[in-house]
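Engineer: here are the coordinates; sequence isn't available:
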Ligand code: ADP
Ligand code: GLC
């Protein structure tokens with residue numbers, strides 16, 4: 001089955017979060033399951049630099065009149081067939097893929113990402129005489145106009161199914177209505193039954209309205225987004241599409257996240273030979289100037305520092321964590337106030353807390369390898385990957401029971417320890433006292449080294465690879481194509 005995957009990011013070429021990890025791993029897993037996957041990406045510099053052209057580019061004209069070169073070739077670092085939209089004027093910029101250096105969204109983001117959906121629809125309609133997708137699978141708001149363009153232009157020879165995956169309903173791609181008329185969609189599309197959302201143009205809504213099928217990245221989040229609390233104003237539409245909405249839990253790319261083969265950590269380890277983890281912990285403590293000790297747990301955070309991630313709760317439990325002898329290592333970037341608050345904590349307790357503001361892939365691996373507990377107290381979390389990376393590296397996740405965190409972490413309550421299902425610490429109410437109780441449970445388990453070893457060994461042995469999700473997506477594609 002030919003599948004076109006459409007996304008704005010792809011690991012290891014361009015990543016701002018978990019979307020890139022998924023976009024990099026899912027095509028490989030689908031190929032292993034028997035699909036022939038190609039990806040469609042915007043021509044950001046690292047992506048163009050990795051592309052080995054195989055065909056002469058196709059020249060197109062965007063709905064607003066701009067020339068577009070569509071290149072086709074192989075992405076070297078991923079060994080993956082790709083189409084790349086080469087428009088230097090749109091994608092060759094400093095900053096993140098979405099924001100300028102002052103962290104302001106680019107003012108032409110509607111065009112920059114509408115183009116992804118528009119080109120995807122052209123490919124669905126037979127643009128490439130050598131390759132025809134049967135399924136077009138687009139990810140997040142950046143690629144969400146795919147279904148709308150497929151519905152309206154140009155006609156497809158054969159039926160091509162569209163799947164839209166929501167990685168985070170909170171980022172919607174909202175634009176002023178005046179932008180609608182440059183996108184080349186018929187006026188009828190700008191309505192309640194279309195992509196109009198409270199007078200604005202919503203890419204997210206287009207994805208939810210026009211795709212043949214919607215998926216999201218965990219079963220619990222699929223239920224949560226149908227409620228007014230977590231529906232971000234789109235729960236009504238999602239409820240009407242409940243029969244076309246599935247939660248498929250993400251996996252872990254075990255070629256990237258495997259402590260037995262990871263060359264950026266000081267010493268390798270696994271469930272059979274866990275001794276290397278002690279070396280990793282001591283090395284990080286030493287490197288950061290923390291007290292080198294093993295009698296109390298080291299807590300790790302690798303996260304965007306945004307409201308979603310619930311890290312203000314962590315600020316509320318830090319005193320307790322320190323009083324119990326724990327240590328904390330934070331790697332993150334995001335909201336200025338959160339960055340400042342964590343830096344302040346590190347200045348006050350340099351022997352126990354280290355905070356690095358920034359984005360650093362190898363350092364993230366080192367934190368999972370060194371830490372005993374991975375903290376993910378998110379207010380909401382569509383799937384969450386870091387709690388799964390924590391499991392793989394024997395760093396037990398401590399999480400708020402929400403979204404994908406609820407689907408992957410089982411609390412070390414006595415009954416769960418007894419039946420062998422426990423793999424971390426879960427708190428139910430999103431408040432400081434409940435998180436503090438989970439932290440207290442983690443210290444209690446850590447004090448019982450035999451039990452701790454048992455739980456972390458089991459965590460490292462958990463099967464978290466992408467094969468299960470790939471089978472679920474493949475079954476869905478087959479169903480839609482019949
Ligand atoms: P989200 O996509 O909401 O940020 P996920 O848990 O799904 O959350 O994915 C986050 C990804 O980004 C993980 O691969 C994590 O390791 C990585 N990450 C987050 N912040 C940083 C950082 N400051 N440095 C390195 N990697 C980071
Ligand atoms: C989003 C979500 C995160 C999820 C990731 C990959 O960024 O916030 O929970 O793991 O996408 O699907």
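Structural biologist: Yep, that arrived. From a predicted model like this one, the values you see are computed outputs, not experimental measurements. Ligands and ions are numbered 1, 2, ... in the order given.
Engineer: would you quantify the distance from residue 231 to residue 216?
Structural biologist: Going from residue 231 to residue 216 by CB to CB, to the nearest Å gives 12 Å. Quick note: C-beta positions are derived from backbone N, CA and C, even for glycine.
Engineer: overlap of the contact sets of those two?
Structural biologist: 169, 225 (CB atoms under 8 Å, 6 or more residues apart in numbering).
Engineer: what sits against the closest residue to ligand 2 within the stretch 151-300 of the chain?
Structural biologist: Of all residues in the stretch 151-300 of the chain, the one sitting closest to ligand 2 is residue 167 (3.4 Å; CB to the nearest ligand atom). Contacts for residue 167 were tallied using CB under 8 Å, 6+ apart; they are 18-19, 22, 139-140, 216-217, 382-383.
Engineer: could you list which of these also contact ligand 2?
Structural biologist: Residues of the contacts of residue 167 in contact with ligand 2 (CB under 6 Å from any ligand atom): 18-19, 22, 217, 382-383.
Engineer: just those residues now: which is nearest ligand 1?
Structural biologist: Taking CB to the nearest ligand atom as the measure, residue 18 is the one of the ones next to ligand 2 among the contacts of residue 167 closest to ligand 1, at 2.3 Å.
Engineer: show me what contacts the closest one?
Structural biologist: Counted by CB under 8 Å, 6+ apart, residue 18 has contacts 167, 250, 383-385.
Engineer: of the residues you listed, which is the most crowded?
Structural biologist: In terms of neighbour count, residue 384 stands highest of the contacts of residue 18 at 30 neighbours, by other CB atoms under 10 Å.
Engineer: now do the same contact list for the spatially closest residue to that residue that is not a sequence neighbour.
Structural biologist: In this structure, residue 384 finds its nearest non-sequential neighbour in residue 404, 4.8 Å apart by CB to CB, 6 or more residues apart in numbering. Counting by CB under 8 Å, 6+ apart, residue 404 makes contact with 217-218, 220-221, 249-250, 381-384, 387.
Engineer: tell me which of the residues you listed fall in strands.
Structural biologist: Among the contacts of residue 404, none falls in strands (DSSP state E).
Engineer: among these, which lie within helices?
Structural biologist: The helices, defined by DSSP state H, take in 220-221, 387 from the contacts of residue 404.
Engineer: for ChimeraX, what selects the buried ones among those residues?
Structural biologist: Selection of the buried residues among the ones in helices among the contacts of residue 404 in ChimeraX, burial being defined by 16 or more other CB atoms under 10 Å:
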select :220,221,387
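Engineer: closest one of the contacts of residue 404 to ligand 1?
Structural biologist: residue 384 (4.5 Å).
Engineer: re earlier: so residue 231 and residue 216 - more neighbours on which side?
Structural biologist: The neighbour comparison of residue 231 against residue 216 (other CB under 10 Å) goes to residue 216, with 27 against 16.
Engineer: surely that one touches residue 247?
Structural biologist: Yes. Between residue 216 and residue 247 there is a contact under CB atoms under 8 Å: 5.4 Å.
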